[in-house]
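*Asks:* Sequence first, predicted model second:
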Amino acid sequence: MARLSRRQLLKASGTGAAAATTGGLAGILASGRAPAYAQTTTVHWLKWNDFVPAADEHLRKKAIPEAEKALGIKIVLETINQNDLAARSTAAIQSRAGPDIIMAVNNYPHIYKGGTADVSALCEEIGSAQGGFYDNIKANCHDGKRWLAMPYSIVGTMIAYRKSWFDEIGVKTFPATWDELRAAGKKLKAAGRPLGQCLGHTVGDAPSFCYPYLWSFGGKEVEADGKTVALNSKETIESVKYMTGFWTDAHEEGGLAWDDSSNNRAFLSGTISATQNGASIYIEALRKPDQYKTEDDKPMKDDILHAPLPRGPSGQFLMPPTQAMMLTGYSPNQKAATDFLRWFHTPKNYEDWFAVCQGFVCGPTKVWETSKMWDKDPVMTPYRMAASGGGRVPGYAGLPTQGAAEALNKYVIVDMYAKAVQGMPAEQAVAWAEDELKKIYAA
């Protein structure tokens, strides 16, 4: 390469010839422009603070670094309280700015359908390769035309209970009906060991108890057309009347103010004898056996068992909370975000995370029922089929709709029972809830 003098360089800089002749620093100076570098795509992922802390730790320390290396992208994980997700989602989608991927619980994808990207191709690819998605999570993520969100997981809901305390009152097998549980709970409460149930505004425990309870008495929100409100029935009124007595007889009455973490703390502190929950109580007791002890100083983990919600006059049901990832419609990084979701749901990568969860969640597809993880601990066996056994979704007897999602988000069914146990007559509480549903479904 010919060596340029200072005079020649200065002369060339006026025409840009030095950039073509010399390249490097001289070329940059000659062109008058900064060098262009390939920019790494950054995907912003917003999700809840997991009730199994090790699961989020796995994402940060293992899964995300591996995904970044494999995909050549940057992933920024942000976690917040589960009950704050709705507000953040609304703000982001209305302003069309924020995370590229946002977690949505239950049927909330229907609320945000106007602001989400179509992830049908990805969902069909994953579902067909893994035995198909469970009906409940598909219903919460699909509007009949397209997939609104990528199914992530299903939180199994069972009743965690203190075996020794039930044994002491002569109940060797967990009650199979509400009448049997009420009778047992009355004895336990008299002994200072009440049942514990959340009836507050929290997205997990309260709805996943109240909806199956309503269905077990034969109550329903709407007819099969998904529009005609059908809540005000003799079955619903009977369920509310029964709840008021059941609450007084057997429950810790502070549950009206609980969120999804309150019953965990109450159980682990020895305040309550049983509570409907995910497996996080047991997993925490396993994690800290020296911290959580029974009254005779033994590890509490050895005194915890799980059972499904009891059956009522019309049957036995579950509503396990579902979790999905919405790809925001405003995101400029949709391809990178889609690539990451595909990478995460690849069996090897999902299995690594799934095993860390220890059964707190079920996979969204049926293939995860056969995971070897379920064979490790018989105490967790009831959760294995929690995603498939008797599951329904909000909006029954209709299909999930934006109205059903709004009713859930506004806690109409939860508040119906909460108002009644605080003294409102059953008929009045049901009439109030019916009126609220009519406003929602007529909109």
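*Replies:* That came in fine, so what should we check first? Residues are numbered from 1 along each chain as shown.

*Asks:* alpha carbons only for contacts and neighbour counts from here, please
*Replies:* Fine.

*Asks:* Show me how the protein divides into domains.
*Replies:* Following automatic domain parsing, one finds the domains of the chain at 42-154+321-381, 158-317+410-442.

*Asks:* Let me have those domains in CSV, adding mean neighbour count, distance to residue 396 and mean pLDDT as columns.
*Replies:* Shown next, in CSV, are these (neighbours: other Cα atoms under 10 Å; distance: least, Cα to Cα, whole Å; pLDDT from 0 to 100):
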stretch, mean neighbour count, distance to residue 396, mean pLDDT
domain 42-154+321-381, 19, 11, 96
domain 158-317+410-442, 20, 6, 97
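
*Asks:* right, so of these, which gets closest to residue 397?
*Replies:* Nearest to residue 397 among those is domain 158-317+410-442 (4.8 Å), distances taken as Cα to Cα.

*Asks:* Strands of the stretch 151-300 of the chain, start to end?
*Replies:* In the stretch 151-300 of the chain, the strands defined using DSSP state E, counting those that start in this stretch lie at 158-162, 195-196, 274-277.

*Asks:* Quick check: the gap between residue 333 and residue 270.
*Replies:* Distance, residue 333 to residue 270, by Cα to Cα, to the nearest Å: 48 Å.

*Asks:* Need the pLDDT of residue 33.
*Replies:* Note on residue 33: pLDDT of 50.

*Asks:* actually residue 27, sorry about that
*Replies:* pLDDT, residue 27: 47.

*Asks:* With residue 12 instead?
*Replies:* Note for residue 12: predicted pLDDT of 40.

*Asks:* How about residue 30?
*Replies:* At residue 30, pLDDT is 49.

*Asks:* Offset the numbering so it begins at 624, please.
*Replies:* Let's use 624 as the start, then, which means that last one is residue 653.

*Asks:* rewinding a little: in a markdown table: the domains of the chain, plus distance to residue 1021.
*Replies:* Below are the domains of the chain laid out as a markdown table (distance: least, Cα to Cα, whole Å):
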| stretch | distance to residue 1021 |
| --- | --- |
| domain 665-777+944-1004 | 11 |
| domain 781-940+1033-1065 | 4 |
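
*Asks:* So for residue 1025, which of the ones you listed sits nearest?
*Replies:* Closest to residue 1025 of these is domain 665-777+944-1004 (Cα to Cα; 4.9 Å).

*Asks:* Quick one, which of the domains of the chain gets closest to residue 1018.
*Replies:* Among these, domain 781-940+1033-1065 comes nearest to residue 1018, with 6.0 Å by Cα to Cα.

*Asks:* Centre of the chain to stretch 742-754, how far?
*Replies:* Relative to its chain's centre, stretch 742-754 lies at 20 Å (Cα atoms, centre = their mean, to the nearest Å).

*Asks:* what comes into contact with it?
*Replies:* Residues outside stretch 742-754 that contact it (Cα atoms under 8 Å, 6 or more residues apart in numbering): 756, 769-774, 950, 961, 965, 968, 988-990.

*Asks:* do the same with stretch 755-767
*Replies:* So stretch 755-767 is contacted by 729-733, 750, 770-774, 777, 945-947, 987-990, 1010-1011, 1014-1016, 1022-1024 (Cα under 8 Å, 6+ apart).

*Asks:* now the helices: where do they sit in the stretch 674-823 of the chain?
*Replies:* For the stretch 674-823 of the chain, applying DSSP state H, counting those that start in this stretch gives helices covering 676-681, 687-694, 708-718, 743-752, 758-764, 786-791, 801-813.

*Asks:* do you know which of these lies nearest residue 824?
*Replies:* helix 708-718 (12.4 Å).

*Asks:* That closest one - contacts with which helices or strands?
*Replies:* Where contact means 3 or more Cα pairs under 8 Å, 6 or more residues apart in numbering; DSSP states H and E, helix 708-718 is packed against strand 724-728.

*Asks:* I'd like the distance from the strand it packs on to the chain centre, please.
*Replies:* That offset, for strand 724-728, works out to 9 Å (Cα atoms, centre = their mean).

*Asks:* What strands flank it, and is each parallel or antiparallel?
*Replies:* Here strand 724-728 has these sheet partners by DSSP bridges: strand 665-671 (parallel), strand 945-950 (antiparallel).

*Asks:* Quick one: residues contacting the closest residue to residue 808 other than its chain neighbours.
*Replies:* If the residues on either side of it in the chain are set aside, residue 808 comes closest to residue 873, at 4.4 Å by Cα to Cα, 6 or more residues apart in numbering. Residues in contact with residue 873, defined by Cα under 8 Å, 6+ apart, are 805, 806, 807, 808, 809, 810, 811, 812, 817, 818.

*Asks:* try residue 825
*Replies:* Shown in contact with residue 825 (Cα under 8 Å, 6+ apart): 706, 881, 882, 883.

*Asks:* cool, residue 996 as well?
*Replies:* By Cα under 8 Å, 6+ apart, the residues touching residue 996 are 978, 981, 982.
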